[in-house]
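Trainee: below are the sequence and a predicted model; questions follow.
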Number of protein chains: 2
Amino acid sequence: MALAAIETRSSTPSNETAHDRRLAEVLKHAARIFWEKGYEGASMRDLSRATGMSLAGLYYYFESKEDLLYLIQKHTFTTIMEQVRERLAESSDPEVRVRIFIGNHLEYFLANKEAMKVLTHEDERLKNGRGAEIRAIKREYYRICLELMEDLRRVKGLQFSGRLAVLSLFGMINWIYTWHNPRVDAGAKVLARQMGDLFLSGVLHNGTSRRKAAKTKGRTAVTRV
Amino acid sequence: MALAAIETRSSTPSNETAHDRRLAEVLKHAARIFWEKGYEGASMRDLSRATGMSLAGLYYYFESKEDLLYLIQKHTFTTIMEQVRERLAESSDPEVRVRIFIGNHLEYFLANKEAMKVLTHEDERLKNGRGAEIRAIKREYYRICLELMEDLRRVKGLQFSGRLAVLSLFGMINWIYTWHNPRVDAGAKVLARQMGDLFLSGVLHNGTSRRKAAKTKGRTAVTRV
């Protein structure tokens, strides 16, 4: 399979960086075309034009549009996950760690809005093994965030649904691709601070008041998930 | 134009209800097909099968897939907006009104998840006059929510960015179509309460603490939008 050729070649350390850089570049162009024309509407010819690869070269390396979609999804989630893991190692404070997660996510996705839309809209396109592989990476990313919520809950002695908190946060930070306008809206750093403030205030105060309410009424007001 | 026929016919009061009900039903089936096959992937034949209309009948009333997409978008936003306006009239308390908005949105969209995905994914598909018409309705819906935020800010004496609050809230409540699983997750009422708690705690406490910080430091900490 043609993709194997790429992977084998990239295993030579001296070639790796240049090759990886080139692959990332091709995927970024491809994501832009999928974003502009939709996955169905984009042709291999459009992709060849945008990436600057010959049609023959494109088919040699990627075989199909689905190969490109798979690689965009895999590359995006792997990169954002490696980055966030590295940054999370810098702090053990649960609030700071939630802020690191938000900041990393917004920074990556505002720089790669095309990929973000493609990930959201072509979410269920990949089938079988590849679909399962991408879903597993996404579940891992979700779990990183869930653990952050669980740490926060434990350290602060709160009670709230981790699942709902994670999915509400994902909504806030993912929806941004539908509205962010660089001419009007702040950049990733400021937005991360503002959304971090909003989300953390919500979780911390919500949890506290509910805990107090539960104690007063002698029952648990909020279920854990 | 065929659509005009529908609209003219529905203006006869005695026919209106039955006709409207039938149109809503056709649009719901069409949204399901767009959700399952994607807009590009769905054929008029698929739509005819799903709606139970003959292919000739479908073309007579709708002319094209684009007609259906336009009507799905228009019907959805018009319905949810009428509903929320009616419900908002029931209370003048700004917190309660934000909760009414969240509840109405979640209730409608959990009952019409297909439409929600179609609205999100085919957001930019409609061009020219129709695209502009739908964007105007969406802006109106956004403005209703922005006014709720501004009321809350004024009555509670807070400072926060209304735009960021509205778009964060839209993220939380719209993203739900990507994750809501009726076998695991609560229904609209419970989710609306939980998301309302999280969001309102965030806005209220975030605003308060920032206002205090601003007073202490003698400056305004948060910009208004």
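Mentor: The structure has been received and is ready for your questions.

Trainee: quick one, what contacts A:Ala50?
Mentor: Neighbouring residues of A:Ala50 by CB atoms under 8 Å, 6 or more residues apart in numbering or on different chains: A:His29, A:Ala30, A:Arg32, A:Ile33. Every residue, glycine included, has its C-beta placed from N, CA and C.

Trainee: can I get these in TSV with distance to B:Leu126?
Mentor: Putting the contacts of A:Ala50 into TSV (distance: CB to CB, whole Å) gives the following:
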residue	distance to B:Leu126
A:His29	27
A:Ala30	25
A:Arg32	22
A:Ile33	21
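
Trainee: nearest to B:Arg87 among those residues?
Mentor: Set against B:Arg87, the nearest of these by CB to CB is A:Arg32 (41.5 Å).

Trainee: my read is that the closest one contacts A:Asn112, right?
Mentor: No - A:Arg32 is not in contact with A:Asn112 according to CB atoms under 8 Å; the separation is 9.8 Å.

Trainee: what's the weakest-modelled helix or strand in chain A?
Mentor: Within chain A, no helix or strand scores below helix A:2-9, which has a mean of 42 by mean pLDDT, DSSP states H and E.

Trainee: rewinding a little: quick one: which of A:Arg32 and A:Asn112 has more around it?
Mentor: Taking other CB atoms under 10 Å in any protein chain shown, A:Arg32 and A:Asn112 do not tie; A:Asn112 has more neighbours (23 against 20).

Trainee: contact partners for that one?
Mentor: Shown in contact with A:Asn112 (CB under 8 Å, 6+ apart): A:Lys28, A:Ala31, A:Thr76.

Trainee: which residues touch the first one?
Mentor: Same thing as A:Lys28. A:Lys28 makes contact with A:Asn112, A:Glu114, A:Ala115, according to CB under 8 Å, 6+ apart.

Trainee: and the host helix or strand of it, which residues are buried?
Mentor: Following DSSP states H and E, one finds A:Lys28 within helix A:13-37. Using 16 or more other CB atoms under 10 Å in any protein chain shown as the burial criterion, the residues of helix A:13-37 that qualify are A:His19, A:Val26, A:Leu27, A:Lys28, A:His29, A:Ala30, A:Ala31, A:Arg32, A:Ile33, A:Phe34, A:Trp35.

Trainee: how about stretch A:129-149?
Mentor: Buried residues in stretch A:129-149, counting neighbours by 16+ other CB under 10 Å, are found at A:Arg130, A:Ile134, A:Ile137, A:Tyr141, A:Cys145, A:Leu146, A:Leu148, A:Met149.

Trainee: what sits against the last one?
Mentor: Contact criterion CB under 8 Å, 6+ apart gives A:Val98, A:Phe160, A:Gly162, A:Ala165, A:Val166, A:Val203 as the residues in contact with A:Met149.

Trainee: return the subset of those lying in helices.
Mentor: Among the contacts of A:Met149, the residues falling in helices (DSSP state H) are A:Val98, A:Gly162, A:Ala165, A:Val166, A:Val203.

Trainee: among those residues, name the buried ones.
Mentor: A:Val98, A:Gly162, A:Ala165, A:Val166, A:Val203.

Trainee: hmm, which two among the residues you listed are most spread apart?
Mentor: A:Val98 and A:Gly162 (11.8 Å).

Trainee: could you export the contacts of A:Asn112 as CSV, including pLDDT?
Mentor: Compiled in CSV, these are given as follows (pLDDT from 0 to 100):
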residue, pLDDT
A:Lys28, 89
A:Ala31, 90
A:Thr76, 91
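
Trainee: redo the residues you listed as CSV? Include distance to B:Arg49.
Mentor: What follows is the contacts of A:Asn112, written out as CSV (distance: CB to CB, whole Å):
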residue, distance to B:Arg49
A:Lys28, 39
A:Ala31, 34
A:Thr76, 36
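
Trainee: nearest to A:Glu66, out of the residues you listed: which one, please.
Mentor: The shortest approach to A:Glu66 among the contacts of A:Asn112 belongs to A:Ala31, at 14.2 Å (CB to CB).

Trainee: point out where chain A drops to low pLDDT.
Mentor: The model of chain A has pLDDT under 70 over residues A:1-16, A:207-225.

Trainee: which ones among the contacts of A:Lys28 map onto helices?
Mentor: A:Glu114, A:Ala115.

Trainee: near chain B, which residues of chain A are found?
Mentor: Counting by CB under 8 Å from any CB of the partner chain, chain A comes close to chain B at A:38, A:40-41, A:120-121, A:123, A:160-161, A:163-165, A:167-168, A:170-176, A:178-179, A:185, A:191, A:194-195, A:197-206, A:209-210, A:222.

Trainee: give me the buried entries from the residues you listed.
Mentor: Neighbour counting with 16+ other CB under 10 Å marks A:38, A:120-121, A:123, A:160-161, A:163-165, A:167-168, A:170-176, A:178, A:185, A:191, A:194-195, A:197-206, A:210, A:222 as buried within the residues of chain A next to chain B.

Trainee: for the buried ones among the ones in helices among the contacts of A:Met149, which one is nearest B:Leu68?
Mentor: In terms of CB to CB, no member of these lies closer to B:Leu68 than A:Val166, at 35.3 Å.

Trainee: hang on, the closest one packs against A:Ile144?
Mentor: No - counting by CB under 8 Å, A:Val166 does not reach A:Ile144; the two are 9.6 Å apart.

Trainee: now do the shared contacts for these two.
Mentor: Common contacts of A:Val166 and A:Ile144 (CB under 8 Å, 6+ apart): none found.

Trainee: ok, the spatially closest residue to A:Gly202 that is not a sequence neighbour - contacts?
Mentor: Closest residue in space to A:Gly202, ignoring its immediate chain neighbours: B:Gly202 at 2.9 Å, by CB to CB, 6 or more residues apart in numbering or on different chains. Contacts for B:Gly202 were tallied using CB under 8 Å, 6+ apart; they are A:Asp197, A:Leu198, A:Phe199, A:Leu200, A:Ser201, A:Gly202, A:Val203, A:His205, A:Asn206.

Trainee: off-centre distance for the helix holding A:Lys28?
Mentor: When C-alpha coordinates are averaged (CA atoms, centre = their mean, to the nearest Å), helix A:13-37 and its chain have centres 17 Å apart.

Trainee: equivalent analysis for stretch A:71-89, please.
Mentor: Its chain's average C-alpha position is 8 Å from that of stretch A:71-89, according to CA atoms, centre = their mean.

Trainee: quick check, nearest of the contacts of A:Lys28 to chain B?
Mentor: A:Glu114 (13.3 Å; CB to the nearest CB).

Trainee: where do the strands sit along chain A?
Mentor: Ranges of strands within chain A: none, based on DSSP state E.

Trainee: all helices of it, in order?
Mentor: Going by DSSP H, chain A shows helices at A:2-9, A:13-37, A:44-51, A:55-62, A:65-88, A:94-111, A:113-121, A:128-156, A:162-174, A:188-217.

Trainee: related to what we said a few turns ago, now for the contacts of A:Met149: which two are most distant?
Mentor: Within the contacts of A:Met149, A:Val98 and A:Phe160 form the most distant pair, 12.8 Å apart (CB to CB).
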